[in-house]
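**Student:** Just to be clear, the model below is a prediction. Sequence and coordinates:
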Amino acid sequence: MQRILLTILSGITLGVLGTYALNISHIFIPLSYQAHFWLLSGLMLVNLFLILAAVRQLAIKDKYRKAHLRQVMRFIRAKLHDKEKRFKSVFDITSLGMATVDLDGRLREVNPSFCELLGYKLQDMQALNFFHLVESKNVNELQICIQRLIDNDIKSYQAEQQWFRKNGEAVWVTYLLTLIRNDKNQPAYFILQIQNITMQKKAEERLRHMAYHDHLTGLANRNKLEQCISHILATARRHKQSFALLFLDLDRFKNINDTVGHDAGDLLLQVIAERLKNSVRETDMVARLGGDEFVLLITDVKKTESVALIAQKILDSVRQVVTINGQEIYITTSVGLSIFPHDGQNMQALMKNADLALYRAKEQGRNNYQFYTVEMTGKAQEKLALQNTLGHALAKEEFLLYYQPKMELKTRRITGVEVLLRWKNKTYSTISPSEIIALAEETGFIIPISEWVLKSACQQLKAWHDMGLTSLTLSLNCTARQFKQSTFVDNLTSVIKESGVRPELIEIEIVESVIMQDTENALRVLEALKDLGIQIAIDDFGTGYWSLSNLRRLSIDKIKIDKSFIKSITKDEMSSSLVSATIAMANKLGIKSIAEGVETREQYDILAREGCTEIQGYYLTQPLSPDLMTAFLNHPIPDAETINKDEFTN
Ligand code: C2E
Ligand code: CA
Ligand code: CA
């Protein structure tokens, strides 16, 4: 091309220069006009020839170039086709699942491996959206990463996730998402590569399990236990919780192993492991440190006795006979306990102390448990024994009911009685009714005990009604556990009905905390009680965190001012102000008020002056047995001052 242009240019230049030279030469060399003409024409002809030759050359070159271009194009097309074929065969053959994905997530080209991995046919697959393949919990992260890909923040996004095949079967996949841009650098589509890693995951899981579990029993091993203790320590410190470590060592396991053989010994360990797992909650942990040593990690310990109870349960369960290969084996265990934070602030201290406690349990003759501190063992055991005795008290008819009267200040009339539980037990004669009730509430014995109280007290009330005291009311105390019991209202209804007393003469006393603990449920129960016509009193008023708005929401009949305020009513201005404010508020709201724990004439006078509705307390009498109460009720009360308390003291 360059040569052609050069020829044309030189032709033109030659022509111009020739003509010019000829014109100049004409000045120096005298030529005839004819000669000059022929010379000029010749020059022009040469010139024209040169230009024509160059143009021809150009035409030939162009033709050749076009043919060449066609050839090149054919070649490129062939090459491209070949490349496409190669790529397609790679796309079709590769075991890697591959797909192109539109920006809106629609799957475009999908290779057979992709379809196979997820168990779909090609046409089904193309109707799917990539976002629907990803579990919903992972979609958010995916969307964030897609945005980062678009923003060029990251080159590609890789994730390991669980996907689901068409038949619902879960598969673990690792996928790589790459964004492809067009010539203008705008996002065009994604390339998605996906691989099934389920086998690899399972292998990893197996390895992890082996690293953290005991191969014989499947229980956690020392690694896992230590990991868990560190974790629990952190949580317990943060939330001020308590947890316990129980170290177990089977008693004389070596002897058994030597007698029945190692295989049977292994089977025995497996049975014990299973029993230990069944003795604790899912949230607790059972580990085997090796040999016949086991450790239990009990989380969220509220009371020492509850751990003692677990330890006792373990002793009982291990003691059960084990039959292996037709042979009966009897084995026992010793248990050492340490409690965080009481017995140690870190893992080493807690483990060491549980081990020391275990050593003491062995010394004490095996088949027993010991806390790290001797006093704790004693206390826990005492409490368990008390719980045990209390559990049998109802059947042994050790409970009695006492009654304390309530007097209306305006009329000085006895309006009703409160029933109070008493436990007649030689060993536990010093335990107060409050402690008994608290223990019964903790253990659940409160339910049968309360049912008995209700039945017996209603019968007694009916007896007093039959004596002519037809308007006498009965106040019953009620605990949180009772309130939570779904059958509470139904039971109450049927007992009241059976006894033949009018529900309006029954009053239920509840403390503020029962309502505050689960307000919604309490409101439901209170409403049901109200529907039955039962009276509601708030006991120990002023000691809890009572919300005044509850007074509006609930139809409370009575407020029972706690005895602690009455006690200091004459000594402490604050208490006396609180009492008068409570009485005034109750009067304003049309709610009755009753002062409990009234012991003196002075207290009586203040309460009468403030307009309190009723009083209850030693000033009238202490709680009385049914017989003494009958006598009291028959005794007229001309004036509060003249009540002869000594006559009725028990
Ligand atoms: P509470 O319901 O506040 O009962 C009043 C307590 O004050 C009774 O104690 C009673 O003996 C005592 N008391 C009465 N007058 C006076 C007084 O003038 N001065 C003093 N200092 N105390 C007086 P008790 O009988 O020991 O009962 C304690 C708590 O045990 C009761 O407190 C009640 O919460 C619970 N309780 C008793 N019996 C039962 C029952 O059958 N069921 C339920 N759920 N709780 C009961
Ligand atoms: Ca009460
Ligand atoms: Ca009370």
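**Tutor:** Received, thanks. Ligands and ions are numbered 1, 2, ... in the order given.

**Student:** Enumerate the residues of the stretch 451-600 of the chain near ligand 2.
**Tutor:** Taking C-beta under 5 Å from the ion as the contact definition, the stretch 451-600 of the chain meets ligand 2 at 477, 509, 539. Where you see a C-beta, it was placed from the backbone N, CA and C, and this is true even at glycine.

**Student:** Looking at those, which are in strands?
**Tutor:** Among those, the ones falling in strands (DSSP state E) are 477, 509, 539.

**Student:** Need the three-state assignment for the residue of the stretch 1-150 of the chain found nearest ligand 1.
**Tutor:** Nearest residue of the stretch 1-150 of the chain to ligand 1: Lys137, at 47.2 Å (C-beta to the nearest ligand atom). Recorded secondary structure, Lys137: helix (DSSP: H, G, I helix; E, B strand; the rest coil).

**Student:** lowest-confidence helix or strand of the chain?
**Tutor:** When each helix and strand of the chain is scored by mean pLDDT, DSSP states H and E, helix 2-28 comes last, with a mean of 61.

**Student:** Beyond that helix, next helix or strand please.
**Tutor:** Of the helices and strands lying after helix 2-28 in sequence (DSSP states H and E), the nearest is helix 33-93.

**Student:** which helices and strands does that following helix pack with?
**Tutor:** Helices and strands touching helix 33-93, by 3 or more C-beta pairs under 8 Å, 6 or more residues apart in numbering; DSSP states H and E, are helix 2-28.

**Student:** Among the ones in strands among the residues of the stretch 451-600 of the chain next to ligand 2, name the ones that also lie close to ligand 3.
**Tutor:** Applying C-beta under 5 Å from the ion to these, those adjacent to ligand 3 are Asp539.

**Student:** Out of the ones in strands among the residues of the stretch 451-600 of the chain next to ligand 2, give me the one that has the most neighbours.
**Tutor:** Counting neighbours by other C-beta atoms under 10 Å, Asp539 leads these with 23 neighbours.

**Student:** Identify the bridge partners of the residue lying closest to that residue once chain neighbours are set aside.
**Tutor:** The shortest distance from Asp539 to any non-neighbouring residue, by C-beta to C-beta, 6 or more residues apart in numbering, is to Glu509 (4.2 Å). Using DSSP bridges, the beta-bridge partners of Glu509 come out as Asn477, Ala537.

**Student:** so who does Glu509 touch?
**Tutor:** Shown in contact with Glu509 (C-beta atoms under 8 Å, 6 or more residues apart in numbering): 418, 475-478, 537-539, 560.

**Student:** As JSON lines, the residues you listed with pLDDT would be great.
**Tutor:** Below are these laid out as JSON lines (pLDDT from 0 to 100):
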{"residue": "Glu418", "pLDDT": "98"}
{"residue": "Ser475", "pLDDT": "98"}
{"residue": "Leu476", "pLDDT": "98"}
{"residue": "Asn477", "pLDDT": "98"}
{"residue": "Cys478", "pLDDT": "96"}
{"residue": "Ala537", "pLDDT": "96"}
{"residue": "Ile538", "pLDDT": "94"}
{"residue": "Asp539", "pLDDT": "94"}
{"residue": "Lys560", "pLDDT": "96"}
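
**Student:** Got phi/psi on the residue in the stretch 551-650 of the chain positioned nearest to ligand 2?
**Tutor:** The nearest approach of the stretch 551-650 of the chain to ligand 2 comes at Lys560, 6.6 Å away (C-beta to the ion). Dihedral pair for Lys560: phi -110, psi 100, per degrees, to the nearest 10.

**Student:** Ok, Gly533 next?
**Tutor:** Reported as degrees, to the nearest 10, the phi and psi values for Gly533 are phi 100, psi 0.

**Student:** Could you double-check that it sits in contact with Glu504?
**Tutor:** Yes: at 4.7 Å, Gly533 counts as touching Glu504 under the criterion of C-beta atoms under 8 Å.

**Student:** Who's the closest spatial neighbour of Asn368, skipping the chain neighbours?
**Tutor:** Ala361 (5.3 Å).

**Student:** Please name the residues that touch that neighbour.
**Tutor:** 334-336, 368-370.

**Student:** In three-state terms, label it for me.
**Tutor:** Reduced to three states with three-state DSSP, the structure at Ala361 is helix.

**Student:** Could you single out the nearest of the ones in strands among the residues of the stretch 451-600 of the chain next to ligand 2 to Ile51?
**Tutor:** Closest approach to Ile51 among these (C-beta to C-beta): Asp539, at 125.5 Å.

**Student:** Would you map the strands across the stretch 301-450 of the chain?
**Tutor:** In the stretch 301-450 of the chain, the strands defined using DSSP state E, counting those that start in this stretch lie at 322-324, 327-329, 333-340, 369-371, 399-408, 413-423.

**Student:** what about Ala584, distance to Gly611?
**Tutor:** Between Ala584 and Gly611 the distance is 7 Å, computed by C-beta to C-beta, to the nearest Å.

**Student:** mean confidence score for stretch 497-517?
**Tutor:** Averaged across stretch 497-517, the pLDDT comes to 93.

**Student:** Quick one: residues contacting Asp466.
**Tutor:** If you count contacts by C-beta under 8 Å, 6+ apart, Asp466 has none.

**Student:** one step back: can you name the two of the contacts of Ala361 that are farthest apart?
**Tutor:** Every pair in the contacts of Ala361 was compared (C-beta to C-beta); the two farthest apart turn out to be Gly336 and Asn368, at 10.2 Å.

**Student:** Tell me which of the two has more neighbours.
**Tutor:** The residue with more neighbours, out of Gly336 and Asn368, is Gly336; 25 against 20, by other C-beta under 10 Å.

**Student:** Please tell me the pLDDT value assigned to the more buried one.
**Tutor:** pLDDT recorded at Gly336 is 96.

**Student:** What separation is there between it and Leu356?
**Tutor:** Using C-beta to C-beta, Gly336 is found at 7 Å from Leu356.

**Student:** Over to Leu474?
**Tutor:** Relative to Leu356, and taking C-beta to C-beta, Leu474 is found at 55 Å.

**Student:** out of the two, which sits in the busier spot?
**Tutor:** Taking neighbours as other C-beta under 10 Å, Leu474 and Leu356 compare with Leu474 leading, 25 against 16.

**Student:** quick check: angle from the helix or strand hosting that one to strand 399-408?
**Tutor:** Using DSSP H and E, the element containing Leu474 is strand 473-478. Orientation of strand 473-478 against strand 399-408 (axes from the mean of the first three to the mean of the last three C-alpha atoms, to 10 degrees) gives an angle of 130 degrees.

**Student:** neighbouring contacts of strand 473-478?
**Tutor:** Taking C-beta under 8 Å, 6+ apart as the rule, strand 473-478 contacts 406, 415-420, 437, 450, 453-454, 457-458, 460-461, 501, 505-510, 514, 535, 537, 539.

**Student:** what do you get if the cut-off is 7 Å, keeping everything else the same?
**Tutor:** Residues from elsewhere that reach strand 473-478 (C-beta atoms under 7 Å, 6 or more residues apart in numbering): 415-419, 453-454, 457, 461, 505-510, 537, 539.

**Student:** what about it, near ligand 1?
**Tutor:** Yes: interface with ligand 1: strand 473-478 contributes 477-478 (C-beta under 6 Å from any ligand atom).
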